[in-house]
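Engineer: Just to be clear, the model below is a prediction. Sequence and coordinates:
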Amino acid sequence: MASTTQTDDDGAFSAEQYFATQPPSPSLDQDIKKVREFAQRQLREGRRVVLVTSGGTTVPLELNVVRFLDNFSAGTRGATSAEYFLKAGYAVIFMHRQFSLQPFSRHYSHSTHPFLDFLELDSAETEPSNVAGSDATRISVKPSERKQLIEVLAAYKAVQKAGTLHTLTFVTVNDYLWLLRAVAQELSVLGRSSMYYLAAAVSDFFLPRQRMAEHKIQSGKGSLHIEMDQVPKILKSLVDEWTREGFVVSFKLETDTSILIPKARAALARYGHQVVIGNDLHTRKYQVVFVSPASSHRRSSSQKADGGEESYIESWLRIDPASYPQKEIEEDIVKELVQLHDSWISMQ
Ligand code: PMT
């Protein structure tokens, strides 16, 4: 990396430098005002709050963006987990990539379970084109779909009534970083009652605004060379500065299972947070590994009681692939995290 800006010791842009040079999105203030109101209400009502991040961030290559790099994530993990957190009594801030899956509506994704396919027109007319626009035509749900729809709809309406789900949207890694910092600062009023469940797939490299082309990059000049800077290690700032008391869970995605645990341990040693959930790209729906410091009340790797090496506990959660999608691994992930969060709170 040949950036001329100030960087961390590992060559990354420091978080401070990042926020001093990269502008926030115009909607940030409005977004955060609503998060503040939401957090204050949950505090008054005595609920725990979890921030769930979900989906992939993009890195635009032009200011008038036509091309961008993207990170893989459909948003299934985040959207599914958000539902189970709501079921467990948490209030949820669901911070997701625009158009990625969302809690409740995820059951009716246009690609896997299109909504229109399970509705039926009830009419004396047999030809659908003849009933178009008629107020007398009724719509019904196919009997095979009713049970699930009623369950999803009832849960969705209950959450709306309770006001326990707040949704935020990001597209770029820049949107994500600004939002994450601001939300964490707002949630700090909740102290240990806040949890951070960072399932989003966050870009590791970005193109600083100052070096972006204004207009669409033109072809015809041979190959394209772009030099990107490293995105700051945001977990470090989150744990050390933005939320000193929150319970922080990050994810580690790999395609080689044998390096999941070493990488997860390295992340815990580096950032000093509470849990890393490791998952392999191909088996992520059926198995994950929880990695946490043996003494998870310690806030950073520099705070070891005996000054020695930290030890870690690993435990695998698995479901039978044949039971999916009736059984979702996120149910067990959330159950386990709620217990860990309980212990974390009781360690005060
Ligand atoms: O959405 P699905 O299709 O269901 O897929 C879910 C998933 C596989 C994307 C998810 O389970 C997952 O593993 N998400 C994290 C993937 C990842 O990109 O890991 P990472 O090594 O880049 O980041 C590790 C952690 O640090 C993540 O929790 C990330 O949110 C966080 N991070 C990373 C970089 C950065 N600059 N800031 C961050 O907050």
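Structural biologist: Great, that's in hand.

Engineer: who in the stretch 101-250 of the chain is up against the ligand?
Structural biologist: L198, A199, A200, A201, V202, V231, I234, L235, S250 (Cβ under 6 Å from any ligand atom). Quick note: C-beta positions are derived from backbone N, CA and C, even for glycine.

Engineer: number of nearby residues for the fifth one?
Structural biologist: With neighbours defined by other Cβ atoms under 10 Å, the count for V202 comes to 19.

Engineer: Please name the residues that touch it.
Structural biologist: T57, N71, V173, Y176, V231, I234 (Cβ atoms under 8 Å, 6 or more residues apart in numbering).

Engineer: Tell me which two in those residues are the farthest apart.
Structural biologist: N71 and I234 (13.9 Å; Cβ to Cβ).

Engineer: the more surrounded of those two?
Structural biologist: I234 (22 against 17).

Engineer: can you tell me how far F94 sits from the ligand?
Structural biologist: 13 Å (Cβ to the nearest ligand atom, to the nearest Å).

Engineer: The stretch 1-150 of the chain: helices as residue ranges?
Structural biologist: Remark: helices assigned in the stretch 1-150 of the chain by DSSP state H, counting those that start in this stretch are 15-21, 28-44, 76-87, 128-131, 143-162.

Engineer: Lowest average pLDDT across these?
Structural biologist: Ranked by mean pLDDT, the helices of the stretch 1-150 of the chain bottom out at helix 128-131, with a mean of 68.

Engineer: which of the residues in stretch 230-243 are buried?
Structural biologist: By 16 or more other Cβ atoms under 10 Å, the buried positions in stretch 230-243 come out as Q230, V231, P232, K233, I234, L235, K236, S237, L238, V239, W242, T243.

Engineer: now swap in stretch 260-280 and tell me
Structural biologist: For stretch 260-280, using 16+ other Cβ under 10 Å, the buried residues are 260-261, 263-265, 267-268, 271-280.

Engineer: Keep only those of those that are in strands.
Structural biologist: V275, V276, I277, G278, N279, D280 (DSSP state E).

Engineer: Could you pull up the residues touching the nearest residue to the second one once chain neighbours are set aside?
Structural biologist: If I follow you right, that is V276. Of all residues not flanking V276 in the chain, A264 sits nearest, at 3.8 Å (Cβ to Cβ, 6 or more residues apart in numbering). By Cβ under 8 Å, 6+ apart, the contact set of A264 is K252, V276, I277, G278, V289, V291, E314.

Engineer: out of those residues, who's nearest E330?
Structural biologist: Nearest to E330 among the contacts of A264: I277, at 10.5 Å, using Cβ to Cβ.

Engineer: per-residue confidence for the closest one?
Structural biologist: 98.

Engineer: okay, now the domains of this protein?
Structural biologist: The chain breaks down into these domains under automatic domain parsing: 1-115+164-218+226-245, 248-348.

Engineer: Break down the stretch 51-200 of the chain into its strands, ranges please.
Structural biologist: 58-60, 68-70, 91-97, 119-122, 138-141, 165-170, 194-198 (DSSP state E, counting those that start in this stretch).

Engineer: want to try CSV for those, with mean pLDDT and mean neighbour count as columns?
Structural biologist: As requested, the strands of the stretch 51-200 of the chain are arranged in CSV below (pLDDT from 0 to 100; neighbours: other Cβ atoms under 10 Å):
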stretch, mean pLDDT, mean neighbour count
strand 58-60, 96, 21
strand 68-70, 93, 16
strand 91-97, 98, 26
strand 119-122, 87, 12
strand 138-141, 90, 11
strand 165-170, 98, 20
strand 194-198, 98, 27
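
Engineer: what bits of this structure have low per-residue confidence?
Structural biologist: Along the chain, the parts satisfying pLDDT under 70 run over 1-12, 123-134, 296-308, 348.

Engineer: Could you find the closest non-adjacent residue to the most centrally placed residue in it?
Structural biologist: For the chain, T53 is the residue whose C-alpha lies nearest the centre (Cα atoms, centre = their mean; 1.8 Å). Leaving out its chain neighbours, the residue that sits closest to T53 by Cβ to Cβ, 6+ apart is A200, at 3.7 Å.

Engineer: got a list of what that neighbour touches?
Structural biologist: Counting by Cβ under 8 Å, 6+ apart, A200 makes contact with T53, S54, G55, G56, T57, S73, G78, M95, H96, R97, Y176.

Engineer: please redo it, this time with the cut-off set to 6 Å
Structural biologist: T53, S54, G55 (Cβ atoms under 6 Å, 6 or more residues apart in numbering).

Engineer: can you redo those as a markdown table with distance to M212?
Structural biologist: Output for the contacts of A200, formatted as a markdown table (distance: Cβ to Cβ, whole Å):
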| residue | distance to M212 |
| --- | --- |
| T53 | 24 |
| S54 | 26 |
| G55 | 22 |
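
Engineer: closest to Y18 among these?
Structural biologist: T53 (17.3 Å).

Engineer: The closest one bridge partners, please.
Structural biologist: Bridge pairing for T53 (DSSP bridges) gives the partners M95, L198.
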